[in-house]
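Asks: Let's see this in three dimensions:
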Amino acid sequence: MLILRFFVTLFVLVCTMVTVAASIQYCPVQSVCYQVAIPSGSAKADSGNIYLQLRAPVSYSWIGFGMGQQMNGSNIFVVYQDGTGNVTISPRTGNGHLAPEHNAAMDVELLDGSGVTDGIMIANVRCGSCSEWPGSNMSFSSAAADYIEARKEGDAINSTLPDELIDYHDAHSQWQLDLTEAIVEQDSNPFVDVDDDNNNDNDNGNDNGNGNGNDSGNSNDNDNGSVEPVLSANEQTLMAVHGIIMSVAIACLLPLGAALMDILGILCLHAAVQMLGFFLMLVGTGLGAAIARNPGVFEHSVSHIVLGAVACDLMLIQVFLGMIYHSYFSKHESLGWTKHLHVWFGRFVIVASIANGALGLQLVKGDPILTTIYVLVATATIALQVGTSEYHKHHRRKVDASQRTADEGAAELADEQLAHVPHFPGFESALEQFPPFEDHIPAEQRSAPQSAEEIRELQSLSA
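Replies: Numbering: from 1, shown residues only. Model prediction:
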């Protein structure tokens, strides 16, 4: 029985792969998925039919799938229930931040397999004019085609009108798909024979949630940061500059500035390097905030953004702790508790910032070589800072021990020399028998002369 079930399951999987392996899929959240398939003839001609599938639970009032980098000017397909057990497909054109307008000129057809099944809205769509629409176009051979999506939870719209008004969306995302991976041989509905279990909550389709459409595992919920946002050329430049500045600040300057205090002991140099690192950190944080205004970036990198903001605030506190410590040392000429607080708090902030930088590189899927260099440089500078601090501490203890040994040796030598001084018994008592020297001076000569006559009189007496 188990063997029979195995071969049945294998047969279903093989049929599924033959049917839809060449389509690509993206699921921004659990059970909300968008799929694209392009016939080989359309791909060669860069025009003609393409096939889309939009699916979401009926807990959503509507879902929208768009072609373009942003809503303004994009080619959007909105799906909602029609109230009869089926769905309505509404082709629309993005209009800035206003509701998209119905585009009746689009060649769109709702295909077999569409409807509401087991609480899931499914729209299988043929689009015959998706290579070009008013204001923009899309190449079917693009390896990085821009797509957007939005969704609104709530009551069903229950309308067959394609221009029905819709409420403002609850969430949205942006990503890219490699359309060269979406080629199918037949110019026909590629979704009609797909087993519904293939696109259930476990989603064993071709989605990886990062925009390349090649998934080898499950996609239970992609709200955990797997959505890859679409960036403009200016935003990409800002992100690169942000990464460079923050790497130099937190992986190089801040640990190096801390090590210089132990190596050279020059307060001004230590403060200058640390303030330069902190200034670059502020600049990098500002650039990051500018990039995070892109909603897709914020949703994709919220953990990195929050940790970066916290690290920047903690570094500001570290600056004031440094001022308090050096002020305390100048007054008391001792390290005290402020030194330990300043040093260990600074180490914690630097390590946390470096870890957040590694998280940022992971989010943008940076070059592995650059990531390795970042980790190695950060590790080396931290090791240098900790090593010099421990060496300085050990050296100071050694000097203090040597000084104590020298002082003890000098005291022992002094005692030894005093022990060899000749001692005459009764000498001190004999000296006590003689009256003080002042007793031999006449009383009238003990006080200082008060006038010139007294001085002349004393001179005559001495003569």
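Asks: Tell me which stretches of the stretch 101-250 of the chain form strands.
Replies: Ranges of strands in the stretch 101-250 of the chain, per DSSP state E, counting those that start in this stretch, are 108-110, 115-117, 120-127, 132-133, 136-137, 145-153, 171-177, 183-184.
Asks: The last one - which strands sit beside it in the sheet, and in what orientation?
Replies: Just to be clear, that refers to strand 183-184. Strand 183-184 pairs in its sheet with strand 32-39 (parallel), by DSSP bridges.
Asks: quick one: buried residues of the partner strand?
Replies: By 16 or more other CB atoms under 10 Å, the buried positions in strand 32-39 come out as Val32, Cys33, Tyr34, Gln35, Val36, Ala37, Ile38, Pro39. Just so you know, the C-beta spots here come from the backbone N, C-alpha and C atoms, and that holds for glycine as well.
Asks: got a pLDDT number for the closest residue to the second one other than its chain neighbours?
Replies: Excluding the flanking residues, the one nearest Cys33 by CB to CB, 6 or more residues apart in numbering is Cys27, at 4.2 Å. Note on Cys27: pLDDT of 85.
Asks: what about Cys27, which helix or strand?
Replies: strand 24-29 (DSSP states H and E).
Asks: Val79 belongs to a strand?
Replies: Yes. Judged by DSSP: H, G, I helix; E, B strand; the rest coil, Val79 forms part of a strand.
Asks: what bridges to it?
Replies: Ile63, Ile89.
Asks: Next up, the contacts around it.
Replies: Contact analysis of Val79 by CB atoms under 8 Å, 6 or more residues apart in numbering lists Leu54, Ala56, Trp62, Ile63, Gly64, Phe65, Val87, Thr88, Ile89, Ser90, Met121, Ala123.
Asks: low-scoring stretches of this protein, by residue?
Replies: For the chain, applying pLDDT under 70 flags the ranges 1-22, 193-233, 294-296, 298-300, 332-336, 365-366, 392-404, 406-463.
Asks: can you give me the helices in it?
Replies: Here the chain has its helices, by DSSP state H, at 2-20, 40-45, 233-247, 254-263, 267-291, 295-300, 302-332, 336-363, 368-419, 427-432, 443-446, 452-462.
Asks: So which bits of stretch 249-269 are buried?
Replies: 249-263.
Asks: Now the terminal residues of that stretch, how far apart.
Replies: End-to-end distance of stretch 249-269 (CA to CA, to the nearest Å): 16 Å.
Asks: that older thread, how many neighbours does the residue nearest to Cys33 have?
Replies: Cys27 has 27 neighbouring residues, counting by other CB atoms under 10 Å.
Asks: for Thr388, same thing?
Replies: For Thr388, the neighbour count with other CB under 10 Å is 17.
Asks: The nearest residue to it once chain neighbours are set aside and Gly48, how far apart?
Replies: Setting aside the residues directly before and after it, Thr388 is nearest to Asp262 in space (CB to CB, 6+ apart), at 4.1 Å. Computed as CB to CB, to the nearest Å, the Asp262 to Gly48 distance reads 70 Å.
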